[in-house]
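[1] the following block contains a protein sequence and its predicted model.
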There are 2 protein chains.
Amino acid sequence: MSGHEDFDGQVMGDKTYQQALVLMDQQDPLAEKTAAFEVPRDLVYLDGNSLGCLPLAAKQRAREVVEQQWGQDLIKSWNLHQWIDLPVSAGEKIARLIGAAPGQTICCDSVSVNLFKLLSAALAMQTGRHVVVSQQGNFPTDLYMVQGLVRQLGGDRCCLQRVDDDDIGSALTDDVAVLLLSHVNFRSGALYDMQAITAQAQARGILVIWDLAHSAGVLPVQLDACNVDFAVGCGYKYLNGGPGAPAFLYVASRHQSQARQPLSGWMGHLAPFDFDHDYEPAPGVAGFLSGTPPVISMSILDAALDVFADVDIRQLRRKSLALAGVFLQAVEQSPRLSGLCLLSPADEAQRGAQLAYRHPHAFAICQALIAHGVIADFRAPDILRVGFSPLYLRFADVGRSVEVLTRIMQEDLWRDPAYAVRHKVT
Amino acid sequence: MSGHEDFDGQVMGDKTYQQALVLMDQQDPLAEKTAAFEVPRDLVYLDGNSLGCLPLAAKQRAREVVEQQWGQDLIKSWNLHQWIDLPVSAGEKIARLIGAAPGQTICCDSVSVNLFKLLSAALAMQTGRHVVVSQQGNFPTDLYMVQGLVRQLGGDRCCLQRVDDDDIGSALTDDVAVLLLSHVNFRSGALYDMQAITAQAQARGILVIWDLAHSAGVLPVQLDACNVDFAVGCGYKYLNGGPGAPAFLYVASRHQSQARQPLSGWMGHLAPFDFDHDYEPAPGVAGFLSGTPPVISMSILDAALDVFADVDIRQLRRKSLALAGVFLQAVEQSPRLSGLCLLSPADEAQRGAQLAYRHPHAFAICQALIAHGVIADFRAPDILRVGFSPLYLRFADVGRSVEVLTRIMQEDLWRDPAYAVRHKVT
């Protein structure tokens, strides 16, 4: 990688502007949190919305759980190091970030698997209704999991209706059992009005499942206050839990006595180590556990969550919007960047912590950015996505990313044939 | 922990016998494998059947995947370090240990979740049949997952019939869709005849799912040769993949075009990063993936599997039987241990890699063993379980464990009230 020293002072090279960004960093109440992360030098990382950076506490915990707990204490660690409590303890740390009172959030499995549990449970509670409504542009796995359930139960017991955003309201008819929505759209970054939509659906007797993959840990989520029924979310994006970190799910207290999920593995049993012949769910949200949890990955997530312990989620929101604002404004004001068409809502109140731009050569531009030390990501067919994870990103970093982007566009660096080769994953 | 120096030479103290064990270790072709593991000093670990020891390669890989791949290379690691290939690459390493040709084994999720996938797929292939037969004494989660499916589909589409071992043959009637069996019973260690039972069931048109949790990696399993339909297994026992390591599943090639599972998450899609609206399964066993894999836990398992690369599984079998034989014989010959009643089959050809003994005070005896540096485990209501994981256990260790056990029984050390307190997990 060439680094980006060569860009210094050439593009966006207004000293006053750069000094302003430095000042913003100096005044940032979250500035010291950057030191809690291992952020690679010479890299501007705008992909915390895909995979968060490594918290130092998680690095330390990884060594402990592997080398001391597994290596030395072995099977005794289930009690000695509270492995058995991890789904609950990590779940409660997440609960604080999503406006959930204790006893409703648990850490387990993947978003996909957890969606299957909640969809099944919700559908079974809705006698006589069989439609699941979701966003046309929802993250594919959310839709795929509904399709899997449709296939399993048969179309007379479950069917999927995908609607455009503008049609959500009119789709909420009396045959709808469940409304499944992503809180923030993974492509555009559009933020949905959890309170209004939840209320609107519930007024029609519909249960609502929110997918918090792109909102948990980066903006205020108020599940209890919004009277949400169910939710899922992801551990490896803004929660910084590491690649493929376990996910979480939320079941509102009022539904816990009735909601039953079909993946009734032993960890969700009332007394797993009694080895009873018959399944009896643990009371509360613990009945939504299934098999043995991935202890190492979950321990690492558990440690990563401690970074949030002294953070006000509203501070995170303010900072991520301010970071995005710096980027947005710079793109708007640069003639060289006029080919980038903002897909995200311009109104910051209506978006999450990312910006998405359309460009016919978005893929090559993204590759050129990566080659020049700015990690962004690409979403087919033509979207450049930049995420603003506020715990470790600095205003000066954002300034740097715009400099690099400007240089790439100004000098047509993205036309390098090397940047046209499609990755398998980005 | 007190260690066990005080037992030296007092019990089982025949020098000739101890020298014989040392000689067995010297002649053991797997002896050098012990050095590939981090085995705590002064500990005899007879619980590799619950949680295998830490391979040094796994410890090293844990640091790499956390500190270099996640910490430094971040999102690029999906390609750069082949995270995206892990389910297949780890799966194929396991395939070699279970007699499966390439393209049929994949690493993912937990045993419980994988059972749900396979049970659903198999049941959907069996038009007009709805009974799932399993062992009365099968591991609870296997039975619980069937119960979850029954609850979801309704009794007219799925029901569970649990039978005693002697009644398996007569239970295989024309309304049976699936036979779900554990290859080795988790309590008794009894080994089932995979070839004969599979053939018997298939002759009645029944699909067979084997749970290899207590056989994979410790005894020869011949899935292809036995014409098995489906299988699942566990990563954290004899495969030494770490606490809660991902599980695996096997779908015979001949079923792959027809078998469809309902947990149809994006990782099982034909082209996950095309973000298609509709689910289309990847060809082959990859269609049985669901959500994003726990990369850190799976990387560690992947490294742990390399320990098996130059090992003949028949050598592992011979050694684990020989280790168990030393224990068995010593217990048989010691009047002090006559209260321990062997639950496992006496014929070694009919058991896995563990021995189980009944004793009214099994719990306290197990606790006393642990306190004196011998890790065994207890299974309710009265079973003491000792496992013989052949990659890191030495004959001298087994000799030591019998010494400690003898002293505990001879001096009634298990009567210490401290050993009567029940753990939450053992």
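    It's in. Residues are numbered from 1 along each chain as shown, chains lettered A, B, ... in the order given.
[2] how long is stretch A:222-239 end to end?
    17 Å (CA to CA, to the nearest Å).
[3] longest strand of chain A?
    The residue-count maximum for a strand in chain A (DSSP state E) belongs to strand A:176-182.
[4] for that one, packing partners?
    helix A:111-125, strand A:131-135, helix A:140-153, helix A:194-203, strand A:207-211 (3 or more CB pairs under 8 Å, 6 or more residues apart in numbering or on different chains; DSSP states H and E). Glycine gets a C-beta too; all of them are placed from N, C-alpha and C.
[5] if you set the cut-off to 7 Å instead, what comes out?
    helix A:111-125, strand A:131-135, helix A:140-153, strand A:207-211 (3 or more CB pairs under 7 Å, 6 or more residues apart in numbering or on different chains; DSSP states H and E).
[6] between those, which one is closest to B:C159.
    helix A:140-153 (16.4 Å; CB to CB).
[7] so what would you say the end-to-end distance of stretch A:286-303 is?
    21 Å.
[8] oh, that last question was meant for stretch A:97-111, not what I typed.
    End-to-end for stretch A:97-111, by CA to CA: 17 Å.
[9] what comes up buried for it?
    A:97-100, A:103-111 (16 or more other CB atoms under 10 Å in any protein chain shown).
[10] look up the closest residue to whichever residue of the stretch 1-150 of chain A sits closest to chain B, ignoring the ones flanking it.
    Going by CB to the nearest CB, chain B is nearest to A:S110 of the stretch 1-150 of chain A, at 2.6 Å. Nearest non-adjacent residue to A:S110, counting by CB to CB, 6 or more residues apart in numbering or on different chains: B:G291, 2.6 Å away.
[11] how much space separates the one you found from B:S297?
    B:G291 is 14 Å from B:S297, where distance means CB to CB, to the nearest Å.
[12] more neighbours, these two?
    B:S297 (32 against 28; other CB atoms under 10 Å in any protein chain shown).
[13] how about that one, what does it touch?
    For B:S297, the contacting residues are A:P294, A:I296, A:S297, B:G242, B:G244, B:A245, B:P246, by CB atoms under 7 Å, 6 or more residues apart in numbering or on different chains.
[14] could you rerun that using 8 Å?
    Residues counted as contacts of B:S297 (CB atoms under 8 Å, 6 or more residues apart in numbering or on different chains) are A:G244, A:P294, A:V295, A:I296, A:S297, B:G241, B:G242, B:G244, B:A245, B:P246.
[15] likewise A:C107?
    A:86-88, A:90-91, A:94, A:235, A:246-248, A:293, A:298, A:301-302.
[16] mind redoing it with 7 Å?
    A:C107 is in contact with A:L86, A:P87, A:A90, A:G91, A:I94, A:P246, A:F248, A:M298, A:L301, counting by CB under 7 Å, 6+ apart.
[17] check the offset of the helix or strand harbouring it from the chain's centre.
    Using DSSP states H and E, A:C107 sits in strand A:105-108. When C-alpha coordinates are averaged (CA atoms, centre = their mean, to the nearest Å), strand A:105-108 and its chain have centres 15 Å apart.
[18] and the average pLDDT for it is what?
    Average pLDDT, strand A:105-108: 98.
[19] sheet-wise, list the partners of that strand with their directions.
    Strand pairing for strand A:105-108, using DSSP bridges, gives strand A:247-251 (antiparallel).
[20] residues near the residue nearest to A:M409 when sequence neighbours are not counted, how many?
    Excluding the flanking residues, the one nearest A:M409 by CB to CB, 6+ apart is A:R336, at 4.9 Å. Residues lying near A:R336 (other CB under 10 Å) number 16.
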